[in-house]
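Novice: Generate coordinates for the sequence data below:
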Amino acid sequence: LESIVSFIQPQLLRKLIQFFNIKNDSNPLIIKGLTISFLMFLSNLLSTAFYNQYTILTVQVAQGCKSALMSLVFNKAMKLSPEERNNRSTGDIINHMSVDITRIESLTSYVQTMVSAPTRLILCLWSLYWLLGKSTFVGIITMAIMIPLNTILVKSLRTYHKQQMKLKDKRTSFVTEILQNIKSIKLYAWEDPMLNKLKFLRDDNELKNLNKIGILSAGINFAWTCVPFFVSCSTFATFAIISDIPLSPEIVFPALSLFDLLSDPIFAIPSLITALIECNVSLNRILSFLTANEIDSEIITKLPPVSKIGDISVEIENSTFLWSNPIKSTNLASIEEQIEGNLSPALKDINFTAKKGELTCILGKVGSGKSTLLKCLLGELPTIPSSNNLKNSIKLHGSIAYCSQIPWIINATFKDNILFGYKYDEKFYQKTIKVCQLLPDLEILPDGDETLVGEKGISLSGGQKARLSLARSIYSRCDVYLFDDIL
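Specialist: Okay, the predicted model is just below:
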């Protein structure tokens, strides 16, 4: 509607110029000129109102798309299989959140341009043909000559954008690695080598490629900027040569107004093309991430919690666990060939039970698979039957709490790390602190359980972090607890 209303303005301008050029009638009706002026004001008012409404709707759609995509990426990151986690760094996921989703969000502001730009272009050329006649075709030919040049430049720009995202992933991953190991880098005085490598990734690779993108984008914008100038010059020159009608103000000013309107879709087209290229690259990256392998939620059979002491709470039968998913096949012999060949099993021929009310300990040397078995109980490793005759199964009764070998601490208070969103129960909270031997730690801390522990528990010692993580798992009041070397 805004595009259609904006084309009323040049026609009203032409009528207003004709009104002032009346020679035969010395006393023209003033009301006619006032009416034309009022209609010009009204058309501007309507155009602004429609444009503001379009902007509001665009922002709403953009924010909705951004929220939905961020939720999808976050939920997918929580479900990635161990194999995919090894292939995708934290920096890749951060780039999906901060760069790819932002580019898709920015495209929503150009969605309406896909409809309005061609509409404006057609209406503008039709109005120019009605005003200038056959000379308009010269402008169309000029425009057609410029399009192939821009097409070649746009294809080159797409290649550079793909390369830019790969370079950005490398740089982000390396920065994340530096921040995670900053303590070791400082202790070993590796600041200069790390900075040199970071400068190489950023200055020699990413910024050079970004410079090429900037030059190419400037060339595309310049080429499209020249189009209205060349179109207007060629059209007016042709009109002056082939037409018997002089270039009077009532032709020139409306035509210039139409050429000004023509520049809007012409300027919007390169921005739209660039946004489409960037969005296409980002969509392919997010699609690749969202279609990655997930942890199979059907590996574990979840059952109601048992009530009697001595009943089996956890049971693994006839299971062999793999590091990566086997190629789908109905033939068990072919799966076994894969295991013997490329896919070495993580754990083989596992049968395990744990009963309610009992403490079951798994002992073994380093690398024997103790932590891997706990990962299997969490359903993070794919499984196949160990024997052809029996089915494999993993049964878990009730809820489960897992305390990892490396404590996971959030940047919050000591108390919030224990509660972790659960309702505060003073009696059970004090009991949890006591059994986890946290009372001496709370006496040392300056603000007791209200002390901020910092990012990853940086203000705590290794033992304090382990005890805090243990207290959080105990306060969750689950039916089954998995502790990985936390004592």
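Novice: Just the mean pLDDT for the helix or strand harbouring R171, thanks.
Specialist: Assigned by DSSP states H and E, R171 belongs to helix 136-180. Taken as a whole, helix 136-180 carries a mean pLDDT of 78.
Novice: Next: stretch 233-242.
Specialist: On average, stretch 233-242 scores 79.
Novice: any residues touching that stretch, and which ones?
Specialist: 128, 132-136, 138-139, 141-142, 247, 252, 255 (Cβ atoms under 8 Å, 6 or more residues apart in numbering). (Glycine included, C-beta is placed from N, CA and C.)
Novice: Buried members of those residues into ChimeraX, please.
Specialist: Buried subset of the contacts of stretch 233-242, written as a ChimeraX selection, criterion 16 or more other Cβ atoms under 10 Å:
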select :128,132,135,136,138,139,142,255
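Novice: which one among the contacts of stretch 233-242 gets closest to L468?
Specialist: T142 (71.9 Å; Cβ to Cβ).
Novice: Starting from A354, give me the distance back to the closest one.
Specialist: Taking Cβ to Cβ, to the nearest Å as the measure, T142 falls 80 Å from A354.
Novice: number of nearby residues for N280?
Specialist: For N280, the count of nearby residues is 16 (other Cβ atoms under 10 Å).
Novice: in which helix or strand would I find it?
Specialist: helix 249-290.
Novice: who touches N86 in this structure?
Specialist: Per Cβ under 8 Å, 6+ apart, neighbours of N86: none.
Novice: show me what contacts K168?
Specialist: K168 neighbours (Cβ under 8 Å, 6+ apart): 95, 99, 206.
Novice: how about those residues in JSON lines, adding secondary structure, distance to L347 and pLDDT?
Specialist: Formatted as JSON lines, the contacts of K168 follow (DSSP: H, G, I helix; E, B strand; the rest coil; distance: Cβ to Cβ, whole Å; pLDDT from 0 to 100):
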{"residue": "N95", "secondary structure": "helix", "distance to L347": "34", "pLDDT": "79"}
{"residue": "V99", "secondary structure": "helix", "distance to L347": "39", "pLDDT": "79"}
{"residue": "E206", "secondary structure": "helix", "distance to L347": "42", "pLDDT": "85"}
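Novice: now, which of the residues you listed sits nearest L261?
Specialist: V99 (34.4 Å).
Novice: on that earlier part again, for the contacts of stretch 233-242, which one is nearest F483?
Specialist: Of the contacts of stretch 233-242, the one sitting nearest to F483 (Cβ to Cβ) turns out to be T142, at 75.8 Å.
Novice: Now stretch 357-365: average pLDDT?
Specialist: 86.
Novice: no no, stretch 286-298
Specialist: Stretch 286-298 comes out at a mean pLDDT of 83.
Novice: Over to stretch 254-273?
Specialist: Here the average pLDDT along stretch 254-273 is 70.
Novice: Tell me how many other residues crowd T383.
Specialist: As a measure of burial, T383 has 23 neighbours, counting by other Cβ under 10 Å.
Novice: for S476, same thing?
Specialist: The number of residues near S476, taken as other Cβ under 10 Å, comes to 17.
Novice: can you give me phi and psi for it?
Specialist: The phi/psi pair for S476 (degrees, to the nearest 10) reads phi -70, psi -10.
Novice: and what of the one 4 residues further on?
Specialist: Its backbone dihedrals place V480 at phi -130, psi 130, with angles given as degrees, to the nearest 10.
Novice: pretty sure it contacts Y402?
Specialist: No. Using Cβ atoms under 8 Å as the test, V480 is too far from Y402 to be in contact (9.3 Å).
Novice: so how far is L276 from the residue most central in space within the chain?
Specialist: Per Cα atoms, centre = their mean, the C-alpha nearest to the average position across the chain is that of I101, at 3.0 Å. Distance, I101 to L276, using Cβ to Cβ: 16 Å.
Novice: With T383 instead?
Specialist: Counting by Cβ to Cβ, the gap from T383 to L276 is 44 Å.
Novice: residue contacts, L359?
Specialist: Contacts of L359 by Cβ under 8 Å, 6+ apart: none found.
Novice: F483 versus that one, what's the distance?
Specialist: From L359 to F483 the distance is 10 Å (Cβ to Cβ).
Novice: cool, and A218?
Specialist: In terms of Cβ to Cβ, A218 sits 60 Å off from F483.
Novice: These two: which is more packed in?
Specialist: F483 (19 against 10).
Novice: which residues touch the closest residue to the more buried one other than its chain neighbours?
Specialist: Spatial nearest neighbour of F483, excluding adjacent residues (Cβ to Cβ, 6 or more residues apart in numbering): C403 at 4.9 Å. By Cβ under 8 Å, 6+ apart, C403 lies in contact with 469-470, 472-473, 481-484, 486.
Novice: Repeat the analysis, applying 10 Å as the threshold.
Specialist: Applying Cβ atoms under 10 Å, 6 or more residues apart in numbering, we find C403 in contact with 374, 466, 469-474, 481-487.
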